[in-house]
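Student: Need a 3D model of the sequence below.
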Amino acid sequence: MGELLGTGTRDTAAVRRRELSDFLRTRRERLVPAQVGLPPGRRRRTPGLRREEVAQLAGVGVTWYTWLEQGRDIQPSGQVLEAVSRTLRLDPHERAHLYRLANVPAPEVTKDCAAVSPEIQLMLTQLEPFPACVKNARTDLLAYNRTYDRMLGGLSAIPVEQRNTTLLLFTDPSFQARIVGWEEKAPMVVAQFRAAMARHVAEPAWKQLLRTLRHQSPLFADLWDRHDVREPENLTKEYLTDDVGLVRLRYTNLWFGPRSETLLTMYTPADPESAVRLERLYEIAVDATAPPQT
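Tutor: Here you go, the predicted structure:
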């Protein structure tokens, strides 16, 4: 069994190196010398840049870069990969792909933005009276509409750095009180968080959040140690609001793109009574945020 597992691991590594080889070659061949400040030169038989040009621009040895592009069994450092990424002008998705193929943890990037565009905020408003929010893979709340805010008791009172639904679920009694049966849902939340973190295990923000959760919530720590994993699902939740009582909602997750880890979650009524209560909740939210009459 050990030999078979070892062989499988070697085969996987070999496939990854071949993919890395093809990826680097195609990224190199799509560039022209003028894009990186080099003269066009004569008799350029190679499409795009030459290997020695990439090595020179990235500040690495020609032989070493050649081995990397040939798929040799070498271990590049994150610093070298970053230099190659800049030289080849990789976008954030290509950069992340490069690190994955090289089997090197990627440093933290800003793909999970701290704010959303005005267009996304407008979309959230247009979805009212349905509650809706935008979260990143780490479950930070990036934006939400008035109905969602009112349903959860007013998120503006919570510091921005603490507006994380996983953190609030396991550490904030007021937040917990609004999620009916939150303890039964907790294992699913932790399993989803673990699955998401597998792509970010070396990133400081994720590691800090994990430390905080384990330290502040014995329940989270216990569930984390089970190593269960689960992907996000479209299910039904029950919320106990201060204004209109119980609302039963189905929620739908919509990702911003095929490679994006940022998603919009929209909640729709699960029954006629919840629909009526949701309309009333929205009216209360609008009244609460309306400017005072002069």
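Student: Doesn't Cys133 lie inside a strand?
Tutor: Yes - Cys133: assigned to a strand according to DSSP: H, G, I helix; E, B strand; the rest coil.
Student: how about it, what does it touch?
Tutor: Counting by CB atoms under 8 Å, 6 or more residues apart in numbering, Cys133 makes contact with 124, 141-145, 148, 264-265. Every C-beta, even on glycine, is put in place using the N, C-alpha and C of the backbone.
Student: Pull the number of nearby residues for the residue nearest to it when sequence neighbours are not counted.
Tutor: Once flanking residues are discounted, Cys133 sits nearest to Tyr144: 3.9 Å by CB to CB, 6 or more residues apart in numbering. Neighbourhood size, Tyr144 [other CB atoms under 10 Å]: 22.
Student: For Tyr144, grab phi and psi.
Tutor: phi -160, psi 160 (degrees, to the nearest 10).
Student: Return the distance of it relative to Thr87.
Tutor: Distance, Tyr144 to Thr87, by CB to CB, to the nearest Å: 40 Å.
Student: sorry, back to before: my guess is the residue nearest to Cys133 contacts Lys135. True?
Tutor: No - using CB atoms under 8 Å, Tyr144 is not in contact with Lys135, being 9.0 Å away.
Student: For Arg17, see how far away the closest residue to Trp67 other than its chain neighbours is.
Tutor: Once flanking residues are discounted, Trp67 sits nearest to Ile74: 5.5 Å by CB to CB, 6+ apart. When distance is defined by CB to CB, Ile74 is 9 Å away from Arg17.
Student: How about Thr265?
Tutor: From Thr265 over to Arg17 (counting by CB to CB), the distance is 39 Å.
Student: Tell me where the model's unsure across this protein.
Tutor: Counting by pLDDT under 70, the chain has low-confidence residues at 1-10, 40-46, 107-115, 258-259, 292-294.
Student: Quick one: distance of stretch 261-268 to the chain centre.
Tutor: 13 Å (CA atoms, centre = their mean, to the nearest Å).
Student: for stretch 85-100, same thing?
Tutor: Worked out by CA atoms, centre = their mean, stretch 85-100 lies 17 Å from the chain centre.
Student: Output that stretch as CSV, nothing but the C-alphas.
Tutor: C-alpha atoms of stretch 85-100 as CSV (Å, rounded to 0.1, in the frame of the first residue of the first chain):
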residue,chain,number,x,y,z
SER,A,85,5.2,36.1,-12.2
ARG,A,86,6.0,39.8,-12.5
THR,A,87,8.2,39.3,-15.5
LEU,A,88,5.6,37.2,-17.3
ARG,A,89,2.9,39.8,-16.4
LEU,A,90,0.6,37.2,-14.9
ASP,A,91,-2.8,38.3,-13.7
PRO,A,92,-3.9,37.3,-10.2
HIS,A,93,-5.5,34.1,-11.4
GLU,A,94,-2.5,33.1,-13.4
ARG,A,95,-0.2,34.0,-10.5
ALA,A,96,-2.2,31.7,-8.2
HIS,A,97,-2.1,29.0,-10.8
LEU,A,98,1.7,29.3,-11.0
TYR,A,99,2.0,28.8,-7.3
ARG,A,100,-0.3,25.8,-7.2
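Student: Is Arg146 in contact with Leu281, as I believe?
Tutor: No - if you go by CB under 8 Å, Arg146 and Leu281 don't touch, sitting 9.4 Å apart.
Student: higher neighbour count, these two?
Tutor: Counted by other CB under 10 Å, Arg146 and Leu281 do not tie: Leu281 has more neighbours, with 25 against 19.
Student: Which residue, neighbours along the chain excluded, lies closest to that one?
Tutor: Val244 (5.0 Å).
Student: Spit out the contact partners of the one you found.
Tutor: 277-278, 280-281, 284 are the contacts of Val244 under CB under 8 Å, 6+ apart.
Student: Please, a ChimeraX command that selects the buried ones among these?
Tutor: The ChimeraX command for the buried members of those (criterion: 16 or more other CB atoms under 10 Å) is given here:
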select :277,278,280,281,284
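Student: Return the closest of the contacts of Val244 with respect to Gln176.
Tutor: Of all these, Leu281 has the smallest distance to Gln176: 19.4 Å, by CB to CB.
Student: Just say helix, strand or coil for the closest one.
Tutor: The three-state label given to Leu281 by three-state DSSP is helix.
Student: so how far is Ala157 from it?
Tutor: Leu281 is 18 Å from Ala157, by CB to CB.
Student: what does Arg89 give?
Tutor: Here the distance between Arg89 and Ala157 works out to 44 Å (CB to CB).
Student: Looking at these two, which is more packed in?
Tutor: A count of neighbours by other CB under 10 Å puts Arg89 above the other of Arg89 and Ala157, at 13 against 7.
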